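Chemist: Structure for this input, please:
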Amino acid sequence: MTTQEAQSRFDVDIMMLGHFAKDKIVVDGVTRTASGGAVHYGSIALRQLDFSVAVVTRLHPDDFELLEEMKEAGVIVFPVPASATSGVRNIYDSSDMERRICKLVGFAGPFSEDDLPDITARVYLITPIIAGEVDLPLLKSLASRGPVGLDVQGFVRVPEERRGEENALVFHQWSEMAEGLAHVTYLKVDRAEAELLTGETDLAVAAEKLSGYGPREIVITQSSGLVVYAEGQIYQAPFTPRSLKGRTGRGDTCFSTYVGKRLTTSPEEATRFAAAVTTLKQEEPGPWRGSMEDVRDVMAAHQAG
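Modeler: Coordinates of the predicted model:
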């Protein structure tokens with residue numbers, strides 16, 4: 001089914017749910033403010049690929065103007081007023097852009113059933129920044145509408161209060177994981193989350209374990225590339241960026257691109273495509289806005305190499 005054909009049955013291809021973020025990116029002590037969150041990085045990348053996208057998000061009304069970038073890209077945005085806008089301070093050392101310290105600087109509060117618009121989508125992507133945005137009843141409600149993709153970050157990354165400091169974000173087990181994952185079709189984790197949830201360092205073994213809870217496809221990101229478990233098979237593709245200037249938003253771009261491409265192609269092809277887009281995204285800050293020609297060139301290089 002083509003995207004155009006799907007539009008006769010669905011309002012949009014993908015509806016994303018998660019907090020928009022007003023982030024602080026700190027590299028070697030130099031700070032810049034940047035729009036963030038998976039709904040930001042992911043929705044614009046999907047629009048670049050010509051998928052129709054709706055975003056449901058929460059933020060302070062004073063920051064509604066920050067959503068214009070998504071709207072200009074063609075994203076349908078449903079903003080919900082909140083008492084604050086979420087944000088994360090991402091602290092990097094330029095000598096190792098793979099490692100970062102994350103601290104919470106704002107939280108827009110939990111979503112409720114009333115926040116959801118009455119629209120239909122081919123896939124519902126739940127992409128929270130931190131735990132507390134989406135609870136189990138809301139996950140189940142979305143799963144009753146159709147296939148759900150879920151980034152587990154928003155269920156295991158928890159703010160830890162420290163007196164006199166910004167809240168550090170630390171990882172904890174998801175106590176409702178077994179029940180929650182039973183309602184998920186596409187699950188995204190990174191290497192650290194996969195090990196936390198399964199106790200396994202072998203990503204293929206971890207992916208198979210996670211699939212046992214119910215998800216049909218497991219998408220795992222790590223610094224070297226993408227690992228996908230689907231239909232009983234493991235698919236892999238590398239990340240080969242020439243720089244890591246656009247490191248923030250890597251996983252968000254990869255997951256949304258993978259799920260989008262799965263609407264039109266096989267798991268193997270979606271893995272290769274998402275890895276190529278993510279390679280390019282890491283080279284430039286902000287959402288990916290590249291061309292299909294660029295993606296094809298990277299895929300060809302990966303195939304040859």
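Chemist: what's near enough to touch residue 287?
Modeler: Neighbouring residues of residue 287 by C-beta atoms under 8 Å, 6 or more residues apart in numbering: 40-41, 44-45, 48, 69, 73, 249, 253, 281. Backbone N, C-alpha and C define where each C-beta goes, glycine included.
Chemist: for residue 280, same thing?
Modeler: 241, 288, 290, 294-295, 298.
Chemist: Nearest to residue 16 among those residues?
Modeler: residue 288 (15.2 Å; C-beta to C-beta).
Chemist: The closest one against residue 252, yeah?
Modeler: No. Assessed by C-beta atoms under 8 Å, residue 288 is found out of contact with residue 252, at 10.0 Å.
Chemist: Looking at those two, which one has more neighbours?
Modeler: Comparing residue 288 with residue 252 by other C-beta atoms under 10 Å, the one with more neighbours is residue 252, at 31 against 27.
Chemist: distance between the host helix or strand of residue 154 and the chain's centre?
Modeler: Using DSSP states H and E, the element containing residue 154 is helix 153-156. The chain centre lies 11 Å from the centre of helix 153-156; the measure is C-alpha atoms, centre = their mean, to the nearest Å.
Chemist: Now that helix: buried residues?
Modeler: 153-156 (16 or more other C-beta atoms under 10 Å).
Chemist: for stretch 294-305, same thing?
Modeler: So, applying 16+ other C-beta under 10 Å, buried residues of stretch 294-305: 295, 298-299, 302.
Chemist: Now do the SS call for the closest residue to residue 117 other than its chain neighbours.
Modeler: Once flanking residues are discounted, residue 117 sits nearest to residue 78: 5.0 Å by C-beta to C-beta, 6 or more residues apart in numbering. Three-state call for residue 78 (DSSP: H, G, I helix; E, B strand; the rest coil): strand.
Chemist: Please give me every residue in contact with residue 78.
Modeler: Counted by C-beta under 8 Å, 6+ apart, residue 78 has contacts 54-57, 115, 117.
Chemist: elements contacting the helix or strand harbouring residue 58?
Modeler: According to DSSP H and E, residue 58 maps onto strand 53-59. Packing partners of strand 53-59 (3 or more C-beta pairs under 8 Å, 6 or more residues apart in numbering; DSSP states H and E): strand 12-17, helix 38-48, strand 76-81.
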